[in-house]
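*Asks:* this one's structure only:
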């Protein structure tokens, strides 16, 4: 997978969290997986379409999701309810949308699908054998999240 597909997600994540929480996430060591997989309790799944296609999953613990939702909503979230889920889905939407803007600046024309929240552990999502790069992001006072990026250049379709 090209680094040009991954770096926009890191940059967008930093920008969005700085804007909404006033905190700067720190990137951890990148790792690779042969296919998309997450062991996180709560995941935001966003599809990417266009010249580059695939999926991005933002995974985190329920506690981290509650803390992030609290910052976004401006009120304490103690139970991950529908309002908290909406805020977390919007986090995925904002990071993915900002990433697509950054990718457009590199000459890629892409769009995102609406985010989907998936709760549970050991979630496996088929990505048509597209390898995934995992980017851990630590945010002081909020917890950590991981960005799983599984993208490839769109293949030409037969007419």
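*Replies:* Cool, got the structure. Computed from a predicted model, the values in this text were never measured in an experiment.
*Asks:* what's the nearest residue to residue 143 if we skip its chain neighbours?
*Replies:* Nearest non-adjacent residue to residue 143, counting by Cβ to Cβ, 6 or more residues apart in numbering: residue 64, 3.2 Å away. (Glycine included, C-beta is placed from N, CA and C.)
*Asks:* and the next element down the chain from whichever strand or helix holds the one you found?
*Replies:* Residue 64 belongs to helix 62-73 when assigned by DSSP states H and E. Using DSSP H and E, the helix or strand that directly follows helix 62-73 along the chain is helix 82-105.
*Asks:* For that following helix, enumerate the helices and strands it packs against.
*Replies:* In terms of contacts (3 or more Cβ pairs under 8 Å, 6 or more residues apart in numbering; DSSP states H and E), helix 82-105 is packed against helix 3-21, strand 42-50, strand 52-60, helix 62-73, strand 110-112, strand 116-119.
*Asks:* So what are the sheet partners of the helix or strand just after the longest one and their directions?
*Replies:* Note on helix 3-21: by DSSP H and E, the next helix or strand toward the C-terminus is strand 26-27. Partners of strand 26-27 in the sheet, by DSSP bridges, are strand 132-139 (antiparallel).
*Asks:* now the next helix or strand after the strand it pairs with: mean pLDDT?
*Replies:* The C-terminal neighbour of strand 132-139 among helices and strands, as given by DSSP H and E, is strand 143-153. Mean per-residue pLDDT for strand 143-153: 92.
*Asks:* Give the buried residues for strand 143-153.
*Replies:* 143, 144, 145, 146, 147, 148, 149, 150, 151, 152 (16 or more other Cβ atoms under 10 Å).
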